[in-house]
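Student: Structure for this input, please:
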Amino acid sequence: MTFRFKKFKVYQDAKTYCKLGREVIEKYIRKKDRELASQIGKALHSIVLNIAEGSGDNSDMSLPDSWGFPFVRFAKWLPDSTSPFFME
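Tutor: Predicted coordinates:
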């Protein structure tokens, strides 16, 4: 069985980001606050897991929704001037 999320650039970038985050945790945080280090570690792990989980659906149209962007489909129906997601 192949996992398509492993080919996603966002997945590769997330893995790199998480590795860097774990290095920062070990170097600066764990000695001072083990609970905070644990929470940050769990959050980092969650990033990669959410990408993998979101890719599990066979429909590519559902990927933006599963990655936490449910407004993408909705925003396309809004006029540009009234869309809160595109206002400055």
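
Student: Could you list the low-pLDDT ranges of the protein?
Tutor: Within the chain, the segments meeting pLDDT under 70 span 1, 57-88.

Student: 50 instead, please
Tutor: The chain contains residues with pLDDT under 50 at 59, 70-75, 77-79, 81-88.

Student: Would you mind listing the buried residues in the lengthiest helix in it?
Tutor: Ordering each helix of the chain by length in residues (DSSP state H) puts helix 34-54 first. Buried residues in helix 34-54, counted by 16 or more other C-beta atoms under 10 Å: 37, 40-41, 44, 47-48, 51-52, 54. For glycine as for every other residue, the C-beta is placed from the backbone atoms N, C-alpha and C.

Student: Going along the chain, name the helices of the chain.
Tutor: Going by DSSP H, the chain shows helices at 9-24, 34-54, 63-66, 71-75.

Student: among the ones you listed, which is nearest residue 3?
Tutor: Taking C-beta to C-beta, helix 34-54 is the member of the helices of the chain nearest to residue 3, at 7.0 Å.
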